[in-house]
Every structure is written in structure tokens, then in C-alpha cells.
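K.L.:
Sequence below, structure please.
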Amino acid sequence: MIKVGTCGFPVARSKLFPSVDVVETQKTFYTIVKESTLRKWRFEAPESLEFTVKALQIITHPAQSPTYRKLGNDVGNRENYGFFKPSSEVDRAMTITLESAFILKAKIIVFQTPASFKPTNKNIDNIINFFKKWRTSDLIFVWEPRGKWDGATVQKILAETGISHAVDPFKNKYLGGKIAYFRLHGRGKGYRYVYTNEDFRELRNLLPEDRNSYVMFNNTNMFNDAIRFKEFLRLNRFQTSSPES
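P.N.:
Residues are numbered from 1 along each chain as shown. Purely as a prediction, here's the structure:
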């Protein structure tokens, strides 16, 4: 199974929700989203649309991150934020994230760490202990490391915690997990990049055949690229199943 979607709401929800398979909520990363807002999103979306939840930044990012401008009210002491610290603030942020996932009927939670989260012994211990503490058979946790993480260390964390690797496959190699979760941030021109049909062919070949895959566009043109990739997959499947037509 391949699901295609966007990171956030790049167009009106009334246009987005019927057009893609899955939407990753970005607002849940920046701030504590009201329950009424989450319920509205779920109500507006067709039952077939899947939400994935980006975890609240208090879990992953230190308080010095510029993203905290959008947080609003603090949760406890900011010195205890980020890097999967064993703190009551991080635990509270995880509880809030889980509550958001429950309301949205989401089965996948995305944890993105900044480049400042380096592979030190302390950080490795913190992330392993965090995911061992919170893991559950009801949810799939995926982690997108930024910065310089060697493959062996990432694979060690995946193996010890049971989480899945989130990655831009055009920039780094996918290293495993229950699912493949690709977050596409653009090539060359960065977020302004528009993916080509040749990119789509390369992307399709990068998707593992032995597990479910999520292809999440996170570039400026994400909506149009997601629609085009869905059509590419549809035509590709047709040609594969009917080679003589």
C-alpha cells in the first residue's frame, strides 16, 4: 500500500481532504491545538482520509528554537523542553500529542528532531528511553533525524525502540521500520522545487515492496505534486497490470 499526502494544509481543506490519502498535521507541532479544532478537522474529512500527527515541539526541540514563537502558553519550565528529556514537561507534551492523535483517529505520530540534536551518548539514551516508555501496539512512531547521524546509530535506535525511520529518500537512505515514511522537502531549489516525472520514477523505485509506504510532500508545490504523483502511480499500475494494452 502506498499513501500519498501533504505535510499541512497547503490549500483549503475542502479541496485538500477529498484529493489526497493522508495529511500530516503541522499545527500540532507548533502549538497545543484546541480539541474543538481537531474534532472539526476529523468531521470535515472523509472517513477514508488518514491523519498523521506531528508531535509537539516541546518533545523534540529545545526552547531556543525559533519555532517557539508560535507556541503560545508554556508548559512548565522551558529549560526542560526538547531532546526527549526525562522531564514532566516532555511527558505532558507527549500526553497532549497522544490526545490529538486519538481525536483525529491517527495511527502514526511523527517526531522530527533538529540538527542541534546530535548523536551524543546522552541524546541517544534519552531517545531510546523515551520511545521504550511510550511505545504501544496501537500506534506507529516515526522519527526524522536532521543533521549528521550515521546509519549504524540510527539503525540501533530503530531496533531497540521499534520505531520507523522518516526520511527524504532523495537526501538520505531509508533505514527501516514497520513502515516507510518519506517526507519530501524538495531538491536543488529546496522547498520551491517542483518534482518531475523522472523524480517520480526514481521515487517509486525507492519505495520498499515489503511494507506500507507514506509519501508526504513538504515543498511549496506540495498539493500539485501529491496529485501528480497519485496519478503517476495510477497510470503505472495500469501499465503494469495490462502490458499489452
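K.L.:
What's the separation between residue 79 and residue 85?
P.N.:
9 Å (C-beta to C-beta, to the nearest Å). All C-beta spots, glycine's among them, are computed from the backbone N, C-alpha and C.
K.L.:
between those two, which one's more packed in?
P.N.:
Higher neighbour count among residue 79 and residue 85: residue 85, with 19 against 11, using other C-beta atoms under 10 Å.
K.L.:
what helix or strand is the nearest residue to that one once chain neighbours are set aside on?
P.N.:
Excluding the flanking residues, the one nearest residue 85 by C-beta to C-beta, 6 or more residues apart in numbering is residue 126, at 6.1 Å. In the assignment (DSSP states H and E), residue 126 maps to helix 121-134.
K.L.:
Name the residues that touch that helix?
P.N.:
With contacts defined as C-beta atoms under 8 Å, 6 or more residues apart in numbering, helix 121-134 is touched by 59, 83-86, 90, 94, 113, 117, 141, 143, 153, 156-157, 160-163.
K.L.:
List only buried entries from these.
P.N.:
59, 83-85, 90, 94, 113, 117, 141, 143, 157, 161, 163 (16 or more other C-beta atoms under 10 Å).
K.L.:
got the phi/psi numbers for the residue nearest in space to the middle of the chain?
P.N.:
Of all residues in the chain, the one closest to the mean position by C-alpha atoms, centre = their mean is residue 110, 4.0 Å from it. Torsion angles at residue 110 (phi, psi; degrees, to the nearest 10) stand at phi -100, psi 130.
K.L.:
hang on, isn't it packed against residue 167?
P.N.:
No. Using C-beta atoms under 8 Å as the test, residue 110 is too far from residue 167 to be in contact (11.5 Å).
K.L.:
List the residues that are in contact with both of the two.
P.N.:
144, 181, 183.
K.L.:
residues in contact with the last one?
P.N.:
When contacts are counted by C-beta under 8 Å, 6+ apart, residue 183 touches 7, 24, 110, 144, 166, 167, 168, 216, 218.
K.L.:
how close does it sit to residue 91?
P.N.:
Residue 183 sits 26 Å away from residue 91, taking C-beta to C-beta as the criterion.
K.L.:
so residue 182 bridges to which residues?
P.N.:
residue 167, residue 215 (DSSP bridges).
K.L.:
What is the neighbour count of it?
P.N.:
23.
K.L.:
Kindly report the same for the one 3 residues further on.
P.N.:
If you count neighbours by other C-beta under 10 Å, residue 185 ends up with 17.
K.L.:
okay, it: pLDDT?
P.N.:
At residue 185, the model reports a pLDDT of 96.
K.L.:
if I look at it, how far off is residue 46?
P.N.:
27 Å.
K.L.:
Format the contacts of residue 183 as a markdown table; extra columns: pLDDT and distance to residue 224.
P.N.:
Formatted as a markdown table, the contacts of residue 183 follow (pLDDT from 0 to 100; distance: C-beta to C-beta, whole Å):
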| residue | pLDDT | distance to residue 224 |
| --- | --- | --- |
| 7 | 98 | 14 |
| 24 | 98 | 17 |
| 110 | 98 | 22 |
| 144 | 98 | 23 |
| 166 | 98 | 22 |
| 167 | 98 | 23 |
| 168 | 97 | 18 |
| 216 | 98 | 15 |
| 218 | 97 | 13 |
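K.L.:
Save these as CSV, and put in distance to residue 175 too.
P.N.:
Listed next are the contacts of residue 183 as CSV, based on distance: C-beta to C-beta, whole Å:
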residue, distance to residue 175
7, 20
24, 20
110, 16
144, 11
166, 10
167, 7
168, 13
216, 17
218, 19
